[in-house]
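Asker: structure of the sequence below:
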Amino acid sequence: MLVVETIAKIRRAHFIECKSIKQICRELRVSRNTVRKVIRSGATEFNTRLALGAAQY
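Answerer: Below is the predicted model:
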């Protein structure tokens, strides 16, 4: 799950500092697809799916 701070760092780097997606990936150690998803979306939090067989509470 991405925390709000990481999402904010990605957006700030892309929209304000005009960094490329590849450069953001290197600096923040996240995948390109994650960075692309954050930039395209307006959501403030992303949840990952639980593995099969994991209990949900």
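Asker: which residues are in contact with the closest residue to R32 other than its chain neighbours?
Answerer: What sits nearest to R32 in space, not counting adjacent residues and going by C-beta to C-beta, 6 or more residues apart in numbering, is C25, at 5.3 Å. Where you see a C-beta, it was placed from the backbone N, CA and C, and this is true even at glycine. Applying C-beta atoms under 8 Å, 6 or more residues apart in numbering, one finds that C25 lies in contact with S31, R32, V35.
Asker: just the buried residues of these.
Answerer: V35 (16 or more other C-beta atoms under 10 Å).
Asker: which SS class is the residue nearest to R32?
Answerer: helix (DSSP: H, G, I helix; E, B strand; the rest coil).
Asker: from the contacts of C25, which is closest to V4?
Answerer: Closest approach between the contacts of C25 and V4, by C-beta to C-beta: V35, at 15.5 Å.
Asker: does the closest one lie in a helix or a strand, and which?
Answerer: helix 32-40 (DSSP states H and E).
Asker: how about that helix: buried residues?
Answerer: Across helix 32-40, burial judged by 16+ other C-beta under 10 Å covers T34, V35, K37, V38.
Asker: closest to E5 among the residues you listed?
Answerer: Closest approach between the buried residues of helix 32-40 and E5, by C-beta to C-beta: V38, at 12.0 Å.
Asker: chain neighbours aside, what residue packs nearest to the closest one?
Answerer: Nearest to V38 is I10, by C-beta to C-beta, 6+ apart, at 4.7 Å.
Asker: need the CA coordinates for the one helix or strand that neighbour maps to. PDB is fine.
Answerer: Assigning secondary structure by DSSP H and E places I10 in helix 4-11. Presented in PDB, the C-alpha positions along helix 4-11 are these (Å, rounded to 0.1, in the frame of the first residue of the first chain):
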ATOM      1  CA  VAL A   4      -0.100   9.500   1.300                       C
ATOM      2  CA  GLU A   5       3.400  10.900   1.700                       C
ATOM      3  CA  THR A   6       4.800   8.800  -1.100                       C
ATOM      4  CA  ILE A   7       1.900   9.800  -3.400                       C
ATOM      5  CA  ALA A   8       2.500  13.400  -2.600                       C
ATOM      6  CA  LYS A   9       6.200  13.100  -3.400                       C
ATOM      7  CA  ILE A  10       5.400  11.500  -6.700                       C
ATOM      8  CA  ARG A  11       3.000  14.200  -7.700                       C
END
